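Asker: Sequence and predicted structure are below.
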Amino acid sequence: MNNFDFRNPTELIFGKGQIAMLSKRIEKGKKILMTYGGGSIFKNGVYDQVKKALDGYDVIEFGGIEANPDYDTLVKAIAICRENKVDMILAVGGGSVVDGTKFIAAGVNFNGDPWDFLIGKAPVCKAIPFASVLTLPATASEMNNGAVISRRATKEKYAFHNPDGFPVFSILDPTVVFSLPKRQISNGIVDIYAHTFEQYLTTSIHTKVMDRWAEGLLQTLVELAPELLKDDRSYDACADYMLTATMGLNGFIAMGVDEDWSTHMIGHELTALHGLDHGVTLAIVFPGVMSVMRKEKRCKLLQYGERVWGIKEGSEDERIESAIRKTDDFFRSVGMKTRLSEHGIGQETIDVIVNRFRERKWNLGEGGIVTPDKVEQILKERL
Ligand code: NZQ
Ligand code: ZN
């Protein structure tokens, strides 16, 4: 097990009716910027609940944050915060709204161009306080200090982490899951699965507790998927799902383990270049990483196959092949296409991505083992 330093200051307020707790957590007299996305909160009652809880508060609203939040939109909100001397931001939405809010909250205190946070040209600034009312379980942005920002003008998408950028609190009411379209449930299931994989399917370095926790999250997703994909999904399934999402990327399964993240970095390029949903990109790339990196990830692939899918028969090579097939089948069973060609994407895009990674000198994965050459093999395997 590696040495580690663990801290997560976000307060989770979980359960039915908890949006009303906003008035207990935010001091009256604070100037609040409420951020949201394209309008789903007006249709599912979340906006009304938030407004009721914040009755009598000084609130400015900023809507229109896109799925894959865009730099050009977010800088407008930074200006609004400065002009109005906003004290705190309340994100009401999915991962994109929460991520966008993290960028706004850090940008307020920065004199230069906050894009520099994303390209490593400037350290991320201390953020003004922000909190969230989450409406889409998937990213765990509600309980971590990471954010991913897109720039459509240049077809780029990058992540940043802010040591002082955790939400102060996040309200998770599982009833928000009732209004999610199947597309977003599929995206979420694959995203959570991939987060868990990125922190689990790496090296075998005696991390028994982390391994069991990660396997527990994967098994929970496999078990819940059919219920979640029904139109009348149950509250209990939604509650377990919401907690699985948060636990997938709030640092709790990362203690002492090696991490990969190559699937995510490759996936971000597919979103930046072709606008694919985040979850969709992961369903394509992950089976490729498993296949091309099978030598380096051998022990964990065998353990994963046995513990999550019960694969015990056959040679080691056969068991690994079967674990990869089971994963691909699972992604397809939740409605994902797992090949680039199914999205009309071909060699041209592979060349662009590999060239970008070569120029950036990116060696990804645990210990930098996923080199640009490997990325090329991974993507070719997924054609
Ligand atoms: O914009 P609105 O109208 O709200 O609609 C959204 C959006 O169209 C809709 N939606 C959200 N809650 C809903 C709902 N529709 C009906 N009922 C509800 N309760 O869903 C659509 C997608 O929302 P979005 O926030 O984009 O989805 P998600 O939470 O999957 O976030 C994706 C973004 O998060 C980043 C991704 O790269 C992507 O940009 N990630 C952030 C991470 C982090 N901060 O740690 C890690 C992840 O790996 C990921 O990269
Ligand atoms: Zn993700």
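Answerer: Noted; the coordinates are in hand. Here the structure is a predicted model, which means the values were calculated and not measured. Ligands and ions are numbered 1, 2, ... in the order given.
Asker: Please enumerate the helices of the stretch 1-150 of the chain.
Answerer: Secondary structure of the stretch 1-150 of the chain by DSSP state H, counting those that start in this stretch: the helices cover 22-25, 40-43, 46-53, 71-84, 95-107, 115-118.
Asker: Highest mean neighbour count out of those helices?
Answerer: Greatest average neighbour count among these goes to helix 95-107 (a mean of 29), per mean count of other CB atoms under 10 Å. Where you see a C-beta, it was placed from the backbone N, CA and C, and this is true even at glycine.
Asker: Dump that helix to PDB, restricted to CA.
Answerer: Output of helix 95-107 as PDB, limited to C-alpha atoms (Å, rounded to 0.1, in the frame of the first residue of the first chain):
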ATOM      1  CA  GLY A  95     -21.700  17.300 -12.600                       C
ATOM      2  CA  SER A  96     -21.400  20.000 -15.300                       C
ATOM      3  CA  VAL A  97     -23.100  22.600 -13.200                       C
ATOM      4  CA  VAL A  98     -21.100  21.700 -10.100                       C
ATOM      5  CA  ASP A  99     -17.800  21.600 -12.100                       C
ATOM      6  CA  GLY A 100     -18.600  24.900 -13.800                       C
ATOM      7  CA  THR A 101     -19.300  26.300 -10.400                       C
ATOM      8  CA  LYS A 102     -15.900  25.200  -9.100                       C
ATOM      9  CA  PHE A 103     -14.300  27.000 -12.000                       C
ATOM     10  CA  ILE A 104     -16.300  30.200 -11.400                       C
ATOM     11  CA  ALA A 105     -15.600  30.000  -7.600                       C
ATOM     12  CA  ALA A 106     -11.800  29.800  -8.200                       C
ATOM     13  CA  GLY A 107     -11.800  32.300 -11.100                       C
END
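Asker: now the helices of the stretch 1-150 of the chain as CSV including distance to ligand 1 and mean pLDDT?
Answerer: As requested, the helices of the stretch 1-150 of the chain are exported to CSV (distance: least, CB to the nearest ligand atom, whole Å; pLDDT from 0 to 100):
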stretch, distance to ligand 1, mean pLDDT
helix 22-25, 17, 97
helix 40-43, 3, 98
helix 46-53, 7, 98
helix 71-84, 12, 98
helix 95-107, 3, 98
helix 115-118, 12, 96
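Asker: mind checking which of these is nearest residue 255?
Answerer: In terms of CB to CB, the element of the helices of the stretch 1-150 of the chain nearest to residue 255 is helix 95-107, at 22.7 Å.
Asker: Report the angle between that closest one and helix 71-84.
Answerer: Helix 95-107 and helix 71-84 meet at an angle of 50 degrees, taking axes from the mean of the first three to the mean of the last three CA atoms, to 10 degrees as the criterion.
Asker: Strands of the protein, start to end?
Answerer: With DSSP state E as the criterion, the chain has strands at 11-14, 31-36, 58-62, 88-93, 130-134, 146-151, 156-161, 169-172.
Asker: hmm, back to that, could you redo the helices of the stretch 1-150 of the chain as JSON lines and give each row distance to residue 12?
Answerer: Formatted as JSON lines, the helices of the stretch 1-150 of the chain follow (distance: least, CB to CB, whole Å):
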{"stretch": "helix 22-25", "distance to residue 12": "12"}
{"stretch": "helix 40-43", "distance to residue 12": "20"}
{"stretch": "helix 46-53", "distance to residue 12": "17"}
{"stretch": "helix 71-84", "distance to residue 12": "25"}
{"stretch": "helix 95-107", "distance to residue 12": "13"}
{"stretch": "helix 115-118", "distance to residue 12": "26"}
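Asker: Out of those, which is closest to residue 313?
Answerer: helix 95-107 (39.2 Å).
Asker: Could you pull up the residues touching the residue nearest the centre of the chain?
Answerer: Most central in the chain under CA atoms, centre = their mean is residue 139, positioned 2.8 Å from the mean C-alpha point. With contact set as CB atoms under 8 Å, 6 or more residues apart in numbering, residue 139 has these partners: 94, 95, 98, 99, 191, 245, 249, 278.
Asker: Now with 7 Å, please.
Answerer: Shown in contact with residue 139 (CB atoms under 7 Å, 6 or more residues apart in numbering): 95, 191, 249.
Asker: Next one: the residue lying closest to the first one once chain neighbours are set aside from ligand 1, what distance?
Answerer: The spatial neighbour of residue 95 that comes closest, neighbours along the chain excluded (CB to CB, 6 or more residues apart in numbering), is residue 139 at 3.2 Å. Using CB to the nearest ligand atom, to the nearest Å, we find residue 139 at a distance of 4 Å from ligand 1.
Asker: where does residue 139 land on pLDDT?
Answerer: With respect to pLDDT, residue 139 scores 98.
Asker: And residue 258, by the same measure?
Answerer: Reported pLDDT for residue 258: 98.
Asker: hang on, the earlier thing: right, and the helices of the stretch 1-150 of the chain - which one's nearest residue 232?
Answerer: Among the helices of the stretch 1-150 of the chain, helix 40-43 comes nearest to residue 232, with 17.7 Å by CB to CB.
Asker: and the residue of the stretch 201-350 of the chain found nearest ligand 1, how many neighbours?
Answerer: In the stretch 201-350 of the chain, the residue that lies nearest ligand 1 is residue 278 (3.9 Å; CB to the nearest ligand atom). By other CB atoms under 10 Å, the residues close to residue 278 number 24.
Asker: Wait, it touches residue 271, no?
Answerer: Yes: using CB atoms under 7 Å, residue 278 makes contact with residue 271 at a distance of 6.0 Å.
Asker: Right, I'll call it a day here.
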